[in-house]
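Asker: Okay, structure incoming, though there's no sequence with it:
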């Protein structure tokens, strides 16, 4: 009798919770089915206007507005390497009316600053990766180095290490270099610049012997012959630089590093909304004008389901945490 009574009490204790859960489920499903119901959608970009991430967000806004038949507004909330805008979205209601378009800093900065105002693994719904944009390993045009292997051998002969420039500490380009150093064993030391432009200027003037820069900043110097591209950092060749090999195929098959731009929402965003947004984003990236625009900007499309996006983000967080730890990178 005692066993029966105890079980019955548990059942009755659970019933109210099941009723509440059912109510919430149907309420969320109803809201998701009606979304968007004439209310504008806001896309937060945690960086200043005019950059690559901002431009991709504005192209996405046009595609979303057209497909969802509603207005989509891009708002720039720059500051603290993307933290300010990202924190806003992490605290928003998961109703599909506030979204985040951000970039690689989303997975790198947590390794550099562990006490963020949000948890990148728990406080966002992962929706889509909108573009991949690799970096490029460069040397001056007059450099004696002609390949990745030659660079590694040349670096090992330098008592103080071979300097490589980047656009700044903790950026995708910098950590591409740190990962290369770890994978190849090259004797490299980092020279941070305040942006890609001054780093490129010193590279083509042979003030620094090598650099990791984003492909967009580097492409004009490569095409003009002012800098020599040894390799791109992505696993696959970059269509806009077809003659440049990858680091992976240059003798380091485990190597892969690239910047990306992705779409996220607040935690708990209904699956129906995530699926719809993912579908629109992927369909938009199959359009010829978007493919051409991305190629012209030295980037490529990628087709990932929401589940694959989550796996990708988690692997990126773990990867860059390991690189930051092993390379002893500190934020400045």
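Answerer: Happy to help now that I have it. Because the structure is predicted, anything quoted here is derived from the model rather than measured. Residues are numbered from 1 along each chain as shown.

Asker: how about the strands in the stretch 1-150 of the chain?
Answerer: 41-45, 72-76, 98-103, 125-140 (DSSP state E, counting those that start in this stretch).

Asker: Can you give me the distance of residue 55 to residue 145?
Answerer: 34 Å (CB to CB, to the nearest Å). Where you see a C-beta, it was placed from the backbone N, CA and C, and this is true even at glycine.

Asker: Let me have the strands of the stretch 1-150 of the chain in JSON lines, extended by mean pLDDT.
Answerer: Shown next, in JSON lines, are these (pLDDT from 0 to 100):
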{"stretch": "strand 41-45", "mean pLDDT": "98"}
{"stretch": "strand 72-76", "mean pLDDT": "97"}
{"stretch": "strand 98-103", "mean pLDDT": "98"}
{"stretch": "strand 125-140", "mean pLDDT": "97"}
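
Asker: Any chance of the ones you listed in a markdown table with distance to residue 282 and mean neighbour count as columns?
Answerer: Shown next, in a markdown table, are the strands of the stretch 1-150 of the chain (distance: least, CB to CB, whole Å; neighbours: other CB atoms under 10 Å):
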| stretch | distance to residue 282 | mean neighbour count |
| --- | --- | --- |
| strand 41-45 | 17 | 22 |
| strand 72-76 | 17 | 17 |
| strand 98-103 | 15 | 25 |
| strand 125-140 | 7 | 26 |
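
Asker: quick one: which of the ones you listed is nearest residue 264?
Answerer: Nearest to residue 264 among those is strand 98-103 (4.4 Å), distances taken as CB to CB.

Asker: Just want the angle from the closest one to strand 125-140.
Answerer: 20 degrees (axes from the mean of the first three to the mean of the last three CA atoms, to 10 degrees).

Asker: Can you list the strands that strand 98-103 pairs with?
Answerer: Taking DSSP bridges as the criterion, strand 98-103 sits next to strand 41-45 (parallel), strand 258-265 (antiparallel) in its sheet.

Asker: Would you mind giving the ones you listed as JSON lines with distance to residue 296 added?
Answerer: Listed next are these as JSON lines, based on distance: least, CB to CB, whole Å:
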{"stretch": "strand 41-45", "distance to residue 296": "20"}
{"stretch": "strand 258-265", "distance to residue 296": "15"}
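
Asker: so which of the ones you listed comes closest to residue 304?
Answerer: strand 258-265 (9.4 Å).

Asker: partner residues bridging the closest residue in space to residue 174 that isn't next to it in sequence?
Answerer: Leaving aside its sequence neighbours, residue 174 sits nearest to residue 166 (CB to CB, 6 or more residues apart in numbering; 4.0 Å). Taking DSSP bridges as the rule, residue 166 bridges to residue 192.
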